[in-house]
Structure formats: structure tokens, C-alpha cells
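Could you work out the structure for the sequence below:
(chains A and B)
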Protein chains: 2
Amino acid sequence: MCSPEVAKVVSERIAREGLPQVTRRGLLKAGGLGAAAAALGGFVPRVAAQEMSGGYSVVDLSHVFGENMPTYTPGEGPTREDFVTVEANGFFIQYWTLYEHSGTHSDFPAHFIADGATVDSYDPGLLLAPAVVINIAEKAAENPDAMVEPADLEAWEAANGTIPEGAVVLMNSGWAARWPNEEYRNADADGVQHYPGFSGEAVTWLIEERGINGIGVDTLSLDPGNSATFDAHYATLGAGKYGLENVANLDAIEGVAGAMIVVGIPRWEASGGGPTRVLALVPSM
Amino acid sequence: MCSPEVAKVVSERIAREGLPQVTRRGLLKAGGLGAAAAALGGFVPRVAAQEMSGGYSVVDLSHVFGENMPTYTPGEGPTREDFVTVEANGFFIQYWTLYEHSGTHSDFPAHFIADGATVDSYDPGLLLAPAVVINIAEKAAENPDAMVEPADLEAWEAANGTIPEGAVVLMNSGWAARWPNEEYRNADADGVQHYPGFSGEAVTWLIEERGINGIGVDTLSLDPGNSATFDAHYATLGAGKYGLENVANLDAIEGVAGAMIVVGIPRWEASGGGPTRVLALVPSM
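Model prediction:
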């Protein structure tokens, strides 16, 4: 909807009628279209549905969920087989077996915490969140055991402003480019995995000081692959927050103002996480 | 973010500076915040992320995905079992078996069409869409074989305006209240199911005349349960569109201006559909 044609109509209108008196800052501070419409009389006509969905484009942050994916523990990938087919039966259904924590997926509190919150009863309002991408690709290229540390968060804020309350903070370590190869899991001769993750200290700071909803990584684990203590998992899930693992395509939303994350996780019964469609909504302008 | 405090700040600003010259219609036609900001100089500061996500609340349109769900063909529900537990292993993972078309789920073209589009390569941009809810609960209460007919769409448009391009049009037949009981599948003595669905004619009209992205139902099938010809399936999937089945909670978004659907389907490999988190984003004002 926010097409070149629309932009042209708007600029012609401005040429004709002058710039609106609502300042850029005032309009944005007011919370976008909703508040702007409220300011204009408190009435939102039904046509708003059309216009607002047209105001976003969708960026897919998910890998294909299928066979031959790298998994934290080898051998825990899914299987699929044809159950019925269009040719033989008139319609097509696959039969799957899967372990919840494979592919692009979410970790919810019950994954690590006895009596922790499960997916099926988790507040859906927390599944939409501002996206913040922290790039540590440079240090990860030098050291695969690198972590997102408080200093990385401070550097991000110095350049970009305060991390918003309710955000999902995503590590872009450049690791998605290794998917689905052996170098993604990157195990050494002793079987120890080497890839980046969050430090527990960084997660605790994000939760306590910034009130985030969750974190995400472009690797197999919220913690670096060589962690034996799972500090980032405990800090995240112990606080009732969630984590996203094996997130893809973060380059596409890094630094994009207004990007939001949608955590599209089916309501897996009694579950501590599972396969998830992670999408970003980006203002299309 | 669109709190009473913000509304107060905005009204004080208007009292002080007068109403903006951009008309309500002009602003909305321009595509919301994105275009408004474009008109104001093409710059969106990073704070927009915070404000925009705060402009929506999330409504869950999904049933819990688990055991004991009604399925189109009896016996095709999922199974789950503990694979590891926090108590015994330090963390919790379930092992699932599932047929793709169960629970709140999506149908993609490959479900009915040989060589039809699969989930993993479907354009993610089509997974965000304006939501339109057509209520046929009254006639469904009288006749469980009732269908959404073109006349229902005409009546909706007469009351609400044109169905927007790219919409997902959802049938609210009141059937979600029967979930997960026997009366949801509602089979008669001969095993024929009785619940409402879309007529093929209605779907064809929505696709050809309104350019919708897909349809959705609060029942087990896009077609009424007694259909032997699957007209709504063929009309939807044959046109490359998608369908949502076993959608819940449509009362909560019916008639809500600006509601959008997010189809949170994991990128199931080579698939004609599968378990999905269906969420609605509703402007919070």
C-alpha cells in the first residue's frame, strides 16, 4: 500500500496544502497511526485494516524445518514421510516425528525450569516485540566462543539509543551463513561445540535493566556452544522469558527502525518450546 | 504505548497548536505511520520501534495443539511423550508424532494440487494480512451444513465497506465453542460430518473480485463437513492461496477495525500445510 503511487499522492498533497503541523517527533511519540487517528477525532474507519497491513513488509527469519538440519545433540532431527499423496489419495499429508528443540525454534521456561511456564498457556501478547539486533560477527570470526557481553549492549545503545522495553534482543554472529553445514555445529575433536552465544551477565542486565521479552541467536543455543553451565538459558528461562534459536537472515533487519518480531509458535501442549516461524514486520517505506 | 498519558499529551498539543492539516482520510489513505513519516521528510527515528509495537495488542486465534483434539479423520491426532525431563536430565524436551493437517493449522496449495506451492517456499509476505470476519452463526445454529455464500459477503460489504485486497476472510460460525467435544466433528449415524464451511462460489468471488490472500474457518475444513467435492479447497488452493482450519476466538476480533492476521506456520519442509500459530494484531486504542 505504501507504494510509489501513494508517496506521490502524498507529496502532491503537501505541495498543495503545505506540511502538516503535527511535528515528526510529536506524531511518532504519539504511537503511530492509532494515536494520530485518535488525535484526529478518536475514530478509525474500517479501511484502516487495509492501510495498516500495507504499511509493513514481512522478513522471514526462519530456516526450513526439515531433514538434515544440524541439531544440538546429533541424531535428534525430525523425520517426515508421505502419509497420503495427491496422486494416490487425492490430497497430500506428511507424517512427522520431531523433538521439540530442533530447527528454528523457541525455548520457553519449562525447558529448563521445573514448573516453568509452558507454550500453551504463555501470554500471547509477549510474542510481538520490537526487534534489536546486536552484531558480534567481527569478534565471532576471530573467536567462535565469543559472547554477547554487556559492553556490546552498551556500544549498541551508544549508537542507537536505549533498548526498548519488551524487546527481543537478537545476536547476529554471522553463523547463519554456515547453516546447515558441519561448521554450524562446529564440534572439535573432543566433541565440544564452538559457536557464539549470550553471556549470562548480558541477559541478566537486559532483563533487569531493560525489561526485555526475550533473546534470540543465529546459532544452536542461547549459550555459546562450549558452555557447561548454561548461564544464558537459566537467566532467560528462570526469569520467565523466552529464547529463539537457529534464527536466520538477521542481516535483513539489522538497523531497520521499527522492525518487530512475531514469534509464530504453535500452541504445543504442555511444552517447553518447539518449532516456530520467526517473522519480522518492517515498516515498508 | 498508546496509553492515556500519550493521548493526553496529544490532545494538549492539539489544543496548543491546532488540528493538523493532514486530513484523517488523507493520513489513513497514505498507509499509516510509514507513509505519514515519509510525507514528513522520509526519516523514521529508531524510537519508532518501541512506539509501533506498543500500538498493537495480540489476540490468540489458536487452540492448544495436543492430544485429544478432534481431527477430520478420527485417529489422526498427534502423540507426545517426555524425551528428557528437568528432574531426570536437567532439561525438558517432548517427542512428537503428528499428521500435518491437525489442530489449528494451515492448508497450502500442495495439500490438494500436484506440484502446488509448499510451505517452505511460500512468499512470507502473504502471511500478514488484514482480517475480515464473516459471521454466519445464526444460520449455522439452524443448519450445521450452512455455507458462507456470496450473499453473506455482499451483506458484510454493505455494512462495512469493500473487503480489502490481500485480506484473509474468516468464517465465524460459532463452532469454536464446541471444541474439543464430539459435537465439533458432529458426525451422523452414517459417519457424515456436519459443520459449516465456505461455498466454492464465495471463495472464487473473493479471489477473483477482491484479490484475497486466503480464507479461514472455525471448523475442521474449509468446506462444510458433508462436502464430497471440496469446492472451497480446490478454489482456494487451486488459485495458489491458503486456508486456515480450526481457528479459535474469532469473536474477539470481529468488527475490530485494523485487525491483521499473522500466519505463524513453521517452514515445514516440502509440506502442504501444518500446525500453525494464528495470531491477530489489533491496534490498541
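
Do you know the pLDDT at the residue of the stretch 1-150 of chain A found nearest chain B?
Residue of the stretch 1-150 of chain A nearest chain B, by C-beta to the nearest C-beta: residue A:66 (2.7 Å). For every residue, glycine as well, the C-beta is placed using N, CA and C. If you check residue A:66, the pLDDT there is 98.

Spatially nearest residue to it (excluding sequence neighbours)?
Leaving out its chain neighbours, the residue that sits closest to residue A:66 by C-beta to C-beta, 6 or more residues apart in numbering or on different chains is residue B:269, at 2.7 Å.

Then residue A:250?
residue A:172 (4.1 Å).

One more: residue A:224?
Nearest residue to residue A:224, sequence neighbours excluded (C-beta to C-beta, 6+ apart): residue A:197, at 3.8 Å.

which ones are touching that neighbour?
Shown in contact with residue A:197 (C-beta atoms under 8 Å, 6 or more residues apart in numbering or on different chains): A:147-148, A:171, A:217, A:219, A:221-225, A:227, A:232.

Identify the residues contacting the residue nearest to residue A:250.
Counting by C-beta under 8 Å, 6+ apart, residue A:172 makes contact with A:133-137, A:218, A:250-251, A:254.

If we use 10 Å, what do you get?
Applying C-beta atoms under 10 Å, 6 or more residues apart in numbering or on different chains, we find residue A:172 in contact with A:133-137, A:140, A:148, A:196, A:216-218, A:247, A:249-251, A:253-254.

now residue A:202
By C-beta under 10 Å, 6+ apart, residue A:202 lies in contact with A:134, A:147-153, A:169, A:171, A:215, A:231-232, A:235.

Distance of it relative to chain B?
Residue A:202 is 20 Å from chain B, where distance means C-beta to the nearest C-beta, to the nearest Å.

List the buried residues for the host helix or strand of that residue?
In the assignment (DSSP states H and E), residue A:202 maps to helix A:200-210. Neighbour-count burial for helix A:200-210, with 16 or more other C-beta atoms under 10 Å in any protein chain shown as criterion, is recorded at A:200-207, A:210.

What is whichever helix or strand comes after it packed up against?
Counting by DSSP H and E, the next helix or strand C-terminal to helix A:200-210 is strand A:214-217. Of the remaining helices and strands, those touching strand A:214-217 by 3 or more C-beta pairs under 10 Å, 6 or more residues apart in numbering or on different chains; DSSP states H and E are strand A:105-107, strand A:128-135, strand A:168-172, strand A:197-198, helix A:200-210, helix A:231-238, strand A:242-245, strand A:260-264.

deepest of those, which one?
Neighbour counts (mean count of other C-beta atoms under 10 Å in any protein chain shown) averaged over each of the helices and strands packed on strand A:214-217 peak at strand A:197-198, with a mean of 32.

which residues of chain A fall in helices?
A:4-17, A:24-29, A:33-39, A:48-53, A:86-89, A:137-142, A:150-160, A:182-185, A:200-210, A:231-238 (DSSP state H).

can you tell me which of those helices the model trusts least?
Here the helices of chain A differ in mean pLDDT, and the lowest is helix A:24-29 at a mean of 29.

returning to what we had before: what bridges to the residue nearest to residue A:224?
Counting by DSSP bridges, residue A:197 is bridged to residue A:147.

For it, give its distance to chain B.
Using C-beta to the nearest C-beta, we find residue A:197 at a distance of 16 Å from chain B.

Show me the domain layout of chain A.
Split into domains by automatic domain parsing, chain A comes to A:4-54, A:79-283.

how long is the last one end to end?
Going back to what we said before, that points to domain A:79-283. End-to-end distance of domain A:79-283 (C-alpha to C-alpha, to the nearest Å): 37 Å.

Residue A:65 is in contact with the residue nearest to residue A:66, correct?
Yes. The criterion here is C-beta atoms under 10 Å, and residue B:269 meets it with residue A:65 at 6.1 Å.

Mind listing the shared neighbours of the two?
With C-beta under 10 Å, 6+ apart as the test, residue B:269 and residue A:65 both reach A:78, A:80, A:96, A:103, B:119-120.

and those residues as CSV, adding pLDDT?
Formatted as CSV, these follow (pLDDT from 0 to 100):
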residue, pLDDT
A:78, 98
A:80, 98
A:96, 98
A:103, 98
B:119, 98
B:120, 98
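
Dump those residues to a markdown table, plus neighbour count and distance to residue B:165.
Output for the shared contacts of residue B:269 and residue A:65, formatted as a markdown table (neighbours: other C-beta atoms under 10 Å in any protein chain shown; distance: C-beta to C-beta, whole Å):
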| residue | neighbour count | distance to residue B:165 |
| --- | --- | --- |
| A:78 | 20 | 36 |
| A:80 | 19 | 35 |
| A:96 | 23 | 34 |
| A:103 | 27 | 33 |
| B:119 | 28 | 23 |
| B:120 | 18 | 26 |
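
Which of these fall within strands?
With strands defined by DSSP state E, the entries of those inside them are A:80, A:96.

where in the stretch 51-200 of chain A is pLDDT low?
For the stretch 51-200 of chain A, applying pLDDT under 70 flags the ranges A:51-54.

circling back: any idea which of the shared contacts of residue B:269 and residue A:65 is the one closest to residue B:90?
Set against residue B:90, the nearest of the shared contacts of residue B:269 and residue A:65 by C-beta to C-beta is residue A:103 (21.7 Å).

can I assume the closest one is in contact with residue A:273?
No. Using C-beta under 10 Å, residue A:103 is not in contact with residue A:273; the gap is 11.1 Å.

any common contacting residues for those two?
Shared contacts of residue A:103 and residue A:273, counting by C-beta under 10 Å, 6+ apart, come down to residue A:245.

In the stretch 151-285 of chain A, what residue comes closest to chain B?
For the stretch 151-285 of chain A, C-beta to the nearest C-beta, closest residue to chain B: residue A:264, 2.0 Å.

so who does that residue touch?
A:62, A:104, A:106, A:127, A:275-279, B:62, B:127, B:262-266, B:276-279.

List the single closest residue to it in space, sequence neighbours excluded.
Among residues not flanking residue A:264 along the chain, residue B:264 sits closest, at 2.0 Å (C-beta to C-beta, 6+ apart).

partner residues bridging the one you found?
Applying DSSP bridges to residue B:264 gives these bridge partners: residue B:277.

so how far is residue A:223 from it?
Using C-beta to C-beta, to the nearest Å, we find residue B:264 at a distance of 26 Å from residue A:223.

Equivalent analysis for residue A:165, please.
For residue A:165, the distance to residue A:223 - C-beta to C-beta - is 24 Å.

What of residue A:237?
Using C-beta to C-beta, residue A:237 is found at 11 Å from residue A:223.

what is in contact with those two at once?
By C-beta under 10 Å, 6+ apart, residue A:237 and residue A:223 have these common neighbours: A:203, A:230, A:243.

between these, which is nearest residue A:70?
For the shared contacts of residue A:237 and residue A:223, with residue A:70 as the reference and C-beta to C-beta as the criterion, the closest is residue A:243, at 17.3 Å.
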